[in-house]
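Peer 1: Mind looking at a prediction? Sequence and model below.
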Amino acid sequence: MSPLPDPRLPAGPIADAWRRTRAELPLISPLRKRQLQVLVVGTGLAGASAAATLAEQGYRVTVLTYHDSPRRAHSVAAQGGINAAKNYAADGDSVQRLFADTLRGGDFRAREAGCMRLAELSGGIIDQAVAQGVPFAREYGGTLATRSFGGALVSRTFYARGQTGQQLLYGATAALLRQVAAGRVTLLPRRDVLELITVDGVARGVVARHLLTGALEVYTAQAVLLATGGYSNVFFLSTNALKSNATAIWRAHRQGALFANPCFTQIHPTCIPSGDPGQSKLTLMSESLRNDGRIWLPAIAGDSRPPQQIPESERDYFLERLYPRYGNMAPRDLASRRARELCNAGHGVGPGGRSVYLDLRDAIAAQGRAVIEQRYGNLLEMYARINGEDPYATPLRIYPAPHYTMGGLWVDYQLMSSIPGLFVLGEANFSEHGANRLGASALMQGLADGYFIAPATVTAWLAGHPTPVIDADHPACREALALAHARIDAVLAAAGDRSVDGFHRELGALMIERCGISRTAAGLRAGLAEVAALEQRFHGEVRVPGTAEGPNPELEKALRVVDFFGLAQLMLRDALAREESCGAHFREEHQSADGEARRDDSRFAHIAAWEHRDGGAEPIRHAEPLTFTALQPSARSYR
Amino acid sequence: MTSQPPVSPAAGPRRLSLSLRIWRQDSPEAAGAFHTYRLERVSADLSLLEALDQLNEQLIAAGERPVHFEHDCREGICGSCGFLVNGQAHGPQTATTVCQLYLRQFRDGATLTLEPWRARAFPLIQDLAVERAVLDRLLIAGGYCSVSTGQAPEANAILVGQEQARSAFDTATCIGCGACVASCRNASASLFVAAKLAHLGQLPQGQPERTRRAQAMQGQMAAEGFGGCSSNLECEAVCPQEISADWISWMRRESRR
Ligand SMILES: Cc1cc2nc3c(=O)[nH]c(=O)nc-3n(C[C@H](O)[C@H](O)[C@H](O)COP(=O)(O)OP(=O)(O)OC[C@H]3O[C@@H](n4cnc5c(N)ncnc54)[C@H](O)[C@@H]3O)c2cc1C
Ligand code: FES
């Protein structure tokens, strides 16, 4: 059993610790940088910002993405905004407050030094984005506008209408393309990274499949960065883009990278619900709707009357009833859990009884349709387009959906995984959000990782490890190639007649039931057996048409689903081992008499970091203890 | 925005049957042809891409090669999807990418002809999928502000009027789907380039490189063999982000600056 690596946390007070750490990190001469080769996988906010910055500093950077263009990374879909402790609204915000909100929001399951660094770097991200030409919303006087988001008491969220992720991504990818023009970045789109190459336990390259020719290619370098996004698609239906997947981090895990807190996944309460079994995704509706919408269900279970015919006295505004202080703005996990419980009890509406009403009637009556239209027009138009219902006349129907994964590859304070030379950025790592992420903080984290942290720490690694780049015919490369070939051959050889999607849907349904909003030991154990059985059936019954040559989208899907099977089992194990309720992880056994989560700081104030073992042996759970000096863990209360 | 008839949830989803006449072509070298497939009684609540998912399930079960089409976010923002539906880029609904086109737009028994973007600049990959890397090459020519990480001044040191910010945003929303090029009879990339020039050219941050950027991107557009603009406005009509073709006139003035 290999011990948990040193997380390399800074000594002394956490405030300003990053500046002190940075000041001590070794540097590399500009001349030397030009000879050093770095691989970046992913062009989302984290990958594009890291690749651009490393290239600006002089490194030779190779960037791989399975998309045809860097602009299509899933970050493009982020709507609401990005947090930064600029205190432009002069409403009492500060670095200290953003730090505290992040740590509290994560329910004290994140490293305090990491949260502090994130808050300290947040302002610089906005400066950088503005200089690139990101068209953030403005006040009349021309200064930047902010809004309050996700129940925050201060206005610290910067936004570009409902397309903040798109605009930030275009800023970062423009910076990346500028480096392509400068000849410092080699951009390789349509490459699916399938395997990590290590030599003596150090990351030295990747194997990628060219998605048009089908050829397997080897890329080697002196450092490898994974910025490959989150794994919510293990649930099949989620708010993520359909191709978002876990393969890069899962293969790295299989090569020795520890996987941290895999069961910490966030379910977003306001999404367009599923209807037909053929539905392929769940679209997020901005949470801002909860500012004006009232959430309710029929008080009588099984009431099938249209909403307009249900009298006021027979409506249960359950969030207002249960959380009078917060009402419809109750935190994401509580709103999601209560909705699920009531739907399970037969109060749900819509197809299959799997949605709740979000009603704008009272807001329209009080403020007028024009005001509501001005505030949410785009959003409501999208809803009407997808659902075919008129949200001004009929309450919207919403339901919680998997949205974000706090878990990911374990990294130390320098964003290096337990495989030396392998760095992990953005949603793909486990950092800073603990057991629950605040709204508008993912974009902030991805860009802090990419613009500011990784460029400094990758430099430090390269300064200390001047190993040459290995040749493409090095035995380690041939070994990794053989692994990828074997996986491709295995799925192509399966002699069944069922589609990959069919199995993915089944896996998703199972995971949402067993490892979704609410979890029990019995359910998690059953889930483990069910996923293993499904995985076995997959290998016997799936059909992947076509060959390994040329484009083959079904093959791409099959390889991803195989990895989701492995990850799903690790998530179930992790949820089973964490005998407490914290943040988005709710274990029914661990709740108070009135149904609130019960965290157990005496036994679980730690990060769970899982080690893979070959040959089907059970993975090993390591624990990295969390200590708190700047803010003491407190229980949350929303009643 | 096309408005839709509200459907009462109690009524249950409408179902419809469709004939899908789809361009099938194995590879750029192979000959292509239309093949017609039937979809029986699918829910009107599915998107067109979800209908293609269903068709692909059937093809896989029958041992045939599924239809290749590009997609990812399925919410109209990544710009991956795009093909012609009955001759129209992204189909009949305005301001809508094809992933956001729902079957309730069509009547029962309708025939939908699906074919790839037809433009020399977008070589065919397979079936409905084409290569649009040329759009990135246009951006590489100059679609950015040259500011490296760490060089940025304090954000509020740059003031941008609300109206100016809004207008810059409107042009910055281009998702790079290529519908404008595919719908233009000259296969011109004018709207794509104009949108990027207008986004940066309207902001103070974009001023230092404004002239150079305009020349570089338009030069690249010519070098890539795109046609010129003859003001047919098809691009504007199909743009899912409703970017105005007035920006093309703006771009013309820009090159005379
Ligand atoms: C609908 C929606 C709305 C959101 N809204 C907000 C918001 O308002 N505010 C906020 O802070 N956060 C929001 N989030 C969360 C946030 O958008 C994401 O967490 C963040 O953008 C992830 O960025 P990333 O760079 O880590 O990964 P991504 O943007 O997912 O990029 C991953 C990249 O890796 C590449 N890749 C992955 N695997 C491979 C592989 N094997 N081989 C090659 N390439 C690979 C992909 O091609 C892609 O380029 C939202 C999320 C969703 C789903
Ligand atoms: S799939 Fe992303 S825009 Fe259509």
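Peer 2: Okay, I see it. Ligands and ions are numbered 1, 2, ... in the order given.

Peer 1: all strands of chain B, in order?
Peer 2: Remark: strands assigned in chain B by DSSP state E are B:15-24, B:33-43, B:84-85, B:88-89, B:111-115, B:124-126, B:129-130.

Peer 1: Take the ones you listed and lay them out in TSV including mean neighbour count, mean pLDDT and distance to B:Arg65.
Peer 2: For the C-beta atoms, the positions are set from N, CA and C on the backbone; glycine is no exception. Formatted as TSV, these follow (neighbours: other Cβ atoms under 10 Å in any protein chain shown; pLDDT from 0 to 100; distance: least, Cβ to Cβ, whole Å):
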stretch	mean neighbour count	mean pLDDT	distance to B:Arg65
strand B:15-24	18	97	8
strand B:33-43	13	97	11
strand B:84-85	21	98	21
strand B:88-89	20	97	25
strand B:111-115	17	98	16
strand B:124-126	21	98	9
strand B:129-130	24	98	13
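
Peer 1: Can you tell me which of the ones you listed is nearest to A:Leu528?
Peer 2: Of all those, the one in closest proximity to A:Leu528, counting by Cβ to Cβ, is strand B:33-43 (33.8 Å).

Peer 1: who's in contact with stretch A:488-496?
Peer 2: By Cβ atoms under 8 Å, 6 or more residues apart in numbering or on different chains, the residues outside stretch A:488-496 that reach it are A:209, A:538-544, A:546-548, A:555, A:558-559, A:562.

Peer 1: mind listing what the residue lying closest to A:Leu396 once chain neighbours are set aside touches?
Peer 2: Closest residue to A:Leu396 apart from its sequence neighbours, by Cβ to Cβ, 6 or more residues apart in numbering or on different chains: A:Leu358 at 4.5 Å. By Cβ under 8 Å, 6+ apart, A:Leu358 lies in contact with A:Thr270, A:Met285, A:Leu289, A:Arg290, A:Gly293, A:Arg294, A:Ile295, A:Pro395, A:Leu396, A:Arg397, A:Ile398.

Peer 1: right, and the helix or strand after the helix or strand harbouring A:Leu358?
Peer 2: Assessed by DSSP states H and E, A:Leu358 sits inside strand A:356-359. Going down the chain from strand A:356-359, the next helix or strand is helix A:361-367, by DSSP H and E.

Peer 1: chain center to that next one, what's the gap?
Peer 2: 35 Å (Cα atoms, centre = their mean, to the nearest Å).

Peer 1: Just name whatever secondary elements that helix is in contact with.
Peer 2: strand A:294-298 (3 or more Cβ pairs under 8 Å, 6 or more residues apart in numbering or on different chains; DSSP states H and E).

Peer 1: Could you point out the helix or strand that follows the strand it packs on?
Peer 2: Note on strand A:294-298: by DSSP H and E, the next helix or strand toward the C-terminus is strand A:315-316.

Peer 1: Give me the distance from that following strand to the chain's centre.
Peer 2: Using Cα atoms, centre = their mean, the offset of strand A:315-316 from its chain centre is 34 Å.

Peer 1: Show me what it is in contact with.
Peer 2: Applying Cβ under 8 Å, 6+ apart, the set of residues contacting strand A:315-316 is A:Trp296, A:Leu297, A:Pro298, A:Ala299, A:Leu342, A:His347.

Peer 1: Check the secondary structure at A:Val561 for me.
Peer 2: The three-state label given to A:Val561 by DSSP: H, G, I helix; E, B strand; the rest coil is helix.

Peer 1: Excluding residues flanking it in the chain, which one is nearest the residue of the stretch 1-150 of chain B found nearest ligand 1?
Peer 2: In the stretch 1-150 of chain B, the residue that lies nearest ligand 1 is B:Glu75 (7.2 Å; Cβ to the nearest ligand atom). Using Cβ to Cβ, 6+ apart and skipping residues adjacent in sequence, the residue nearest B:Glu75 is A:Thr283, 5.2 Å away.

Peer 1: again, but for A:Ser417
Peer 2: Using Cβ to Cβ, 6+ apart, the closest residue to A:Ser417 is A:Ala257 (4.4 Å).

Peer 1: and that neighbour, helix, strand or coil?
Peer 2: Assignment for A:Ala257 (three-state DSSP): coil.

Peer 1: what about stretch A:97-104 and ligand 1, any contact?
Peer 2: No - using Cβ under 6 Å from any ligand atom, stretch A:97-104 never reaches ligand 1; the gap is at least 11.8 Å.

Peer 1: So the closest residue to ligand 2 within the stretch 151-257 of chain B versus A:Ile386, what's the distance?
Peer 2: Closest to ligand 2 within the stretch 151-257 of chain B is B:Ile175: 6.2 Å, counting by Cβ to the nearest ligand atom. Distance check for B:Ile175 against A:Ile386: by Cβ to Cβ, to the nearest Å, it reads 18 Å.

Peer 1: Could you check which of the two has the larger neighbour count?
Peer 2: In this view B:Ile175 and A:Ile386 are compared by other Cβ atoms under 10 Å in any protein chain shown, and B:Ile175 has more residues nearby, 25 against 21.

Peer 1: Skipping adjacent residues, who's closest to the more buried one in space?
Peer 2: B:Ile175 sits nearest to B:Gly79 (Cβ to Cβ, 6+ apart), 3.4 Å away.

Peer 1: That neighbour: neighbour count?
Peer 2: 27.

Peer 1: which residues sit in contact with it?
Peer 2: Counting by Cβ under 8 Å, 6+ apart, B:Gly79 makes contact with A:Ser69, A:Arg71, A:Arg72, A:Val76, B:Thr97, B:Ile175, B:Gly176, B:Cys177, B:Gly178.

Peer 1: quick one: the first one and B:Leu135 touch, right?
Peer 2: Yes - in this structure A:Ser69 lies within contact range of B:Leu135 using Cβ atoms under 8 Å: 7.0 Å.

Peer 1: Now the common contact residues for these two.
Peer 2: Counting by Cβ under 8 Å, 6+ apart, the residues touching both A:Ser69 and B:Leu135 are B:Gly176.

Peer 1: Please say which of those two ends up with more neighbours.
Peer 2: Taking other Cβ under 10 Å, A:Ser69 and B:Leu135 do not tie; B:Leu135 has more neighbours (25 against 22).

Peer 1: Please name the nearest non-neighbouring residue to that one.
Peer 2: B:Gly176 (5.2 Å).

Peer 1: if we can go back for a sec, next step: the contacts of A:Leu358 restricted to strands.
Peer 2: A:Thr270, A:Arg294, A:Ile295, A:Leu396, A:Arg397, A:Ile398.

Peer 1: Just flag the most distant two among these.
Peer 2: Longest span within these, Cβ to Cβ: A:Arg294 and A:Arg397, 13.6 Å.

Peer 1: Now do the least confident helix or strand in chain A by mean pLDDT: distance to the chain's middle.
Peer 2: The least trusted helix or strand in chain A, going by mean pLDDT, DSSP states H and E, turns out to be helix A:369-387, with a mean of 90. Here helix A:369-387 is found 27 Å from its chain centre; the criterion is Cα atoms, centre = their mean.

Peer 1: before we move on, back to that, and A:Arg294 and A:Arg397? which has more neighbours close in?
Peer 2: More crowded of A:Arg294 and A:Arg397, by other Cβ under 10 Å: A:Arg397, with 23 against 19.

Peer 1: and that one, what is it in contact with?
Peer 2: A:Ile272, A:Pro273, A:Val349, A:Gly350, A:Ser355, A:Val356, A:Tyr357, A:Leu358, A:Asn387, A:Glu389, B:Pro9.
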